[in-house]
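Peer 1: Here's a sequence, model it:
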Amino acid sequence: MADLNSLEREIRELRNRVAQLEKLLGQKASPPPPKSTPQSQPVATHPPTSITIPPVPKKSRINLEKSIGVRWFNIVGAVAIILGIGYFLQYAIENDWIGPVGRVSLGLLSGVGILVWGDFIRASNRYRVLSLGMAGVGISALYLSFFAAFSFYDLLPQGVAFLCMLATTALSIFMAVRYNSLTIALIAMFGGFVTPALLSTGENKPIGLFSYLFILNAGVLVLAFKKNWKLLNVFCMLFTYFWYIAWYAEYYSHSQVTVGFVFLSLFFLTFSLLAFVYNIHHHQKTGVPDILIILMNALFYFPLLLGVLHRYDNLYGFFALALSAFYLFLGALAYKRSKEDTYLLYSLLSVATTSLVVAVPLQFDGPWIPVAWAAEALGLWYLGLKSKSTGTLIAAFLVFVVSLVTLPVVNYMHSFFDPATNRYEFTLFLNKPFLAGAFVMGALFAAAYLARRFAPTSRGFHFVAGRILSVAAAIGLLILLSVDVDHSFSTRHANQQSEAARIYEQNPELAGTLAPIEYYGNESRFVLSGLWALYSMALISVGFYRKNTPLRILAMVIFGCTIIKVAWDSFVYLDGFFRIASLLGLGVVLFIVSYLYQKYKGIFDESAAAP
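Peer 2: Prediction:
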């Protein structure tokens, strides 16, 4: 008995030690068993800690096989049946197997039967994917039959045919929503868009074709209020414009301008709304597919519009302006309904700005192109400052850049030569290129002034862009003045040479007796040096008055160039009066500038004290 008690005591000690070890190892120790009676009992054993082994994932080939067998075979099968029905009807037509009424009746019965059968299968919840494919086939068969009855056989009047196709579109929308299936919608629309190709007779019937396409797209637009099926939207847009381009290339003539314009504009309006109607209705932000629809819709519409209205090329600029106004209206509507969707707002604004820029060269020519762009940019700049829209300010800044880049190109292409008089007709500072350039520079200065006026203490984008525009305007104005002065001397010299040649031609005996006409080199260099010096002084004065450091620095750079130019001209080209006058004039101007810097030196103290 004593041995048994001793053994039991040792077992308890061992268990306590094991419990302590388990506690040190962070494992949950099993509590010691209650004291047992001194009867022999079997020693309890602790089960080993179970280790959870994650299940081995099944091979991906099983999922791929299931996807192909269930979904893709179903889709391909549905497409094959749609094509088969279409070609069967075409073959039956060619061989006169079935009369027109019988052909249409057979198509309608087939479509309704397939729809009912597919809905019956769907009720079992076992063959859902198969039922989706059958629903798409049935709807396509209905589209095909009604289109054939109206456009091919003339069995239905236009109003009845429209109602039938409208009912089919409503049915397809209902089933796509009921099944919650993009597949049904895609198959149904595929059947709808393929129908004109399957039943084409080669005749030109644009009203029937475009009315049919419009009904299809109207159904998709209604569906867009409920479902965010971007793929369906892109699909319908591409097919619609495909059919329009095919018709335009094959059949269009000027006698059909009204039909072409009206339906093209209806398609454009439909897809413009389709791009963002779901997002606005459900307060969701715009995605990449929506932006793609917005951009592609404009890219399709505008070139086709110009092609349809090619006899009205004098109104091309007006059409582009109207397109820009339309996108601005959409932008205002989107801003009112969904202010936080900046992606959509910037996209609409970019298309509107691009259309506005394109309108100018389409409607104007020569120097007035940069003038119109500068006016547009200034208007956008004002709107951006007023609405505190950085996107609008960026768009305006880019249009300003386009105007500046275009200005020297169009001015260079402008000719002052008049063939009627065989002379260069040029008036200093009162010619089209200079006046156009002066307007552009004035618009830049006005933009910089507005930036300081609307937010004088802000250091945002408008502040930096305003400083850049003011410097660009100052440089551009100096270039304009210099080029105009140089043109004044060069055209006068050319006219004198032309006059001398005319005299020699009328009086050959005077050849060699008249002194050669020299270019006004000294006068031109002297006037340009004085112009640069006076312009720099004026620029520094404005810089002090406006407390604009970039303008003052630019003026100092121009002064440096002027000093180098005067020194070079004085010792290389000029002599006598021109050398003396240029050096003295430069010295006087520099003294005046030095006086201005001493008088307004408090500006620099304020700048140094500013944090």
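Peer 1: Run through the stretch 451-600 of the chain and note the low-pLDDT ranges.
Peer 2: 456-458, 503-504, 508-521, 574-576, 578, 600 (pLDDT under 70).
Peer 1: can you do 90?
Peer 2: Residues of the stretch 451-600 of the chain meeting the criterion pLDDT under 90: 451-467, 470-471, 482, 485-600.
Peer 1: cool, and the stretch 301-450 of the chain?
Peer 2: 309-321, 324, 327-373, 375-396, 399, 406-433, 449.
Peer 1: would you list every one of the strands in it?
Peer 2: Ranges of strands in the stretch 301-450 of the chain, per DSSP state E, counting those that start in this stretch, are 417-418, 423-424.
Peer 1: Columns distance to F235 and mean neighbour count on top of the ones you listed, output as TSV?
Peer 2: Glycine gets a C-beta too; all of them are placed from N, C-alpha and C. Formatted as TSV, the strands of the stretch 301-450 of the chain follow (distance: least, Cβ to Cβ, whole Å; neighbours: other Cβ atoms under 10 Å):
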stretch	distance to F235	mean neighbour count
strand 417-418	57	12
strand 423-424	61	16
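Peer 1: Would you reformat the ones you listed as a markdown table and include distance to V160?
Peer 2: As requested, those are arranged in a markdown table below (distance: least, Cβ to Cβ, whole Å):
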| stretch | distance to V160 |
| --- | --- |
| strand 417-418 | 68 |
| strand 423-424 | 72 |
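Peer 1: just so I know, which of these lies nearest Y143?
Peer 2: strand 417-418 (65.1 Å; Cβ to Cβ).
Peer 1: who does the closest one touch, helix- and strand-wise?
Peer 2: Packed against strand 417-418, as judged by 3 or more Cβ pairs under 8 Å, 6 or more residues apart in numbering; DSSP states H and E, are the following elements: strand 423-424.
Peer 1: How far away from the center of its chain is the strand it packs on?
Peer 2: Strand 423-424 has its average C-alpha position 46 Å from the chain's average C-alpha position, going by Cα atoms, centre = their mean, to the nearest Å.
Peer 1: follow-up on the earlier one: among the strands of the stretch 301-450 of the chain, which comes closest to S151?
Peer 2: Comparing the strands of the stretch 301-450 of the chain by Cβ to Cβ, strand 417-418 comes nearest, at 60.4 Å.
Peer 1: what does the closest one contact?
Peer 2: 423-425 (Cβ atoms under 8 Å, 6 or more residues apart in numbering).
Peer 1: ok, so of those, who is nearest I121?
Peer 2: The closest of these, once distances to I121 are taken by Cβ to Cβ, is E425, at 85.2 Å.
Peer 1: Bridge partners for the closest residue in space to that closest one that isn't next to it in sequence, pull those for me.
Peer 2: Nearest residue to E425 in three dimensions, chain neighbours excluded: D418, at 4.8 Å (Cβ to Cβ, 6 or more residues apart in numbering). With DSSP bridges applied, D418 shows beta-bridge pairing to R423.
Peer 1: distance of D418 from L430?
Peer 2: 16 Å (Cβ to Cβ, to the nearest Å).
Peer 1: got it, and A161?
Peer 2: Using Cβ to Cβ, one gets 66 Å for the distance from A161 to L430.
Peer 1: just N297 next, same as before
Peer 2: To L430, N297 is 46 Å away according to Cβ to Cβ.
Peer 1: Who has more neighbours out of the two?
Peer 2: Between N297 and L430, counted using other Cβ atoms under 10 Å, N297 has the larger neighbour count: 21 against 9.
Peer 1: got a list of what that one touches?
Peer 2: 237, 268, 271-272, 275.
Peer 1: Most neighbours out of those, which is it?
Peer 2: Neighbour tally across the contacts of N297 (other Cβ under 10 Å): the maximum, 27 neighbours, falls on A275.
Peer 1: Leaving out chain neighbours, which residue sits closest to N228?
Peer 2: Y278 (5.0 Å).
Peer 1: Tell me how far the nearest residue to L330 once chain neighbours are set aside lies from D341.
Peer 2: Leaving aside its sequence neighbours, L330 sits nearest to L348 (Cβ to Cβ, 6+ apart; 5.2 Å). Going from L348 to D341 by Cβ to Cβ gives 10 Å.
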